[in-house]
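Enquirer: Need a 3D model of the following:
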Amino acid sequence: MARPTIADIAHAAGVSNTAVSFALNGRPGVAEPTREKILAIARDMGWSPNRAARALSTSRADALGLIITAPYAELARDTFFLQLIAGVERMLAASPVALVLKIVESFEDELAAIRQWHGESRVDGLILVNPRPEDPRPELTNRLGIPTVFIGKPGTHEPFSSVFIDDALVMDTLIEDLAARGAQRIAYLHSHARYSHGEARLAALRRHRSGLTAIEHGVPSSTIDEARTAIRDFLSMLDLAPKTTFVCESEDLTLATLRALGDLGIRVPEVAGVVSWESSPGLTLRSPAVSTLERSPADMGQAAVELLRDMRDNPGPEPRTRELECPRLHARDTLPVIA
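Expert: Below you'll find the predicted structure:
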């Protein structure tokens, strides 16, 4: 069946093409009973706007772009981005705007994708992740004029819009909570110190004044098994006599740590505690259930879409920012019960 046109609707309604156009686009100049009649006929005929024509007439692509730079194998195991995408899609579900996802393995490819999308007018706005201490993307997106929201805070003198959690505050709060639970030492295991959020966490860890000992250890994270071996080697050199709690940056590192502790016969939580910075069903529903920080990547995705909508509806040079609530520790089986 041929796609119905404005002319078809006008003929069925007994009105002009102009009246139909005004009614379908919400413009004044059509009596309300006539508008309702036109809309009802359009629905009955299965009419929908021509996306290509609408984009040409409004200079909008009705699409938001999300670019993720990560090795494919690592990304396949990372639930953070799945939850982030779910939050974005939840906000877009009732609108004609689509999410365009691009996954690349190098930062240079990400920069090239931003330039390509701009040149092709593929997206109306961008959501970018994993800000870096010296990040060229704010300068690039500002120069190209692409509305952009970062998940996190890049290091730059350029203005930028962002949805963020204060990672230094999260680390400070977590240390205080663990100290109150009787931990005597924290070992922070990480693999993303090159990002701005990683630097903020490490800086807070190094300057803490809680009275407990804090150490950090970088772990290669190509696979969980490789991380497990590296953590096992680290544990073999570590005196676990103080009450040590391992804080793991990701779900992968958490699982690798639990396996490494098991390999060496180190009981959790009797001898060592484990906390994951990320929360997922794979951690919280397993046995033992893992203690986690309760933050929601989906909330970040929703907030990013809200900021992009505000930038569209209220254009101006001022950056938009949204700070989300500091996530708190949810103690489960991998932390000892407070007496």
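Enquirer: Mind checking what secondary structure the residue positioned nearest the centre of the chain has?
Expert: With the centre of the chain defined as its mean C-alpha position, the nearest residue by Cα atoms, centre = their mean is Leu84, 4.0 Å away. For Leu84, the assignment made with DSSP: H, G, I helix; E, B strand; the rest coil gives helix.
Enquirer: Please apply the same query to Lys102.
Expert: Going by three-state DSSP, the state assigned to Lys102 is strand.
Enquirer: Apart from its neighbours in sequence, what residue is nearest it?
Expert: Nearest non-adjacent residue to Lys102, counting by Cβ to Cβ, 6 or more residues apart in numbering: Ile67, 4.6 Å away. For every residue, glycine as well, the C-beta is placed using N, CA and C.
Enquirer: That neighbour falls within a helix, correct?
Expert: No - residue assignment for Ile67, taken from three-state DSSP, gives strand, which places it outside any helix.
Enquirer: dump the residue contacts of it.
Expert: Contact analysis of Ile67 by Cβ atoms under 8 Å, 6 or more residues apart in numbering lists Lys102, Ile103, Val104, Glu110, Ala113, Ile114, Leu126, Leu128, Val129.
Enquirer: got CSV for the residues you listed, with distance to Thr156 and neighbour count too?
Expert: Output for the contacts of Ile67, formatted as CSV (distance: Cβ to Cβ, whole Å; neighbours: other Cβ atoms under 10 Å):
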residue, distance to Thr156, neighbour count
Lys102, 22, 18
Ile103, 24, 16
Val104, 21, 16
Glu110, 15, 19
Ala113, 19, 18
Ile114, 15, 22
Leu126, 15, 25
Leu128, 12, 26
Val129, 15, 20
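Enquirer: From what I see, the residue nearest to the centre of the chain and Met300 are in contact.
Expert: Yes - using Cβ atoms under 8 Å, Leu84 is in contact with Met300, at 5.9 Å.
Enquirer: Which neighbours do these two have in common?
Expert: Taking Cβ under 8 Å, 6+ apart as the contact definition, Leu84 and Met300 share the neighbouring residues Ile151.
Enquirer: who's in contact with the closest residue to Arg267 other than its chain neighbours?
Expert: Nearest in space to Arg267, with sequence neighbours left out and distances taken as Cβ to Cβ, 6+ apart, is Leu261 at 8.0 Å. Each residue near Leu261 by Cβ under 8 Å, 6+ apart is listed here: Leu235, Phe246, Arg267, Val268, Ala272, Val274.
Enquirer: Show the pLDDT at the first one.
Expert: Taken from the predicted model, the pLDDT recorded for Leu235 is 95.
Enquirer: mind checking how far it is from Thr229?
Expert: When Cβ to Cβ, to the nearest Å is applied, the distance between Leu235 and Thr229 equals 11 Å.
Enquirer: So those two - more neighbours on which side?
Expert: With other Cβ atoms under 10 Å as the criterion, Leu235 and Thr229 differ in neighbour count, and Leu235 comes out ahead with 20 against 17.
Enquirer: Any idea how many residues pack against Asp135?
Expert: For Asp135, the neighbour count with other Cβ under 10 Å is 22.
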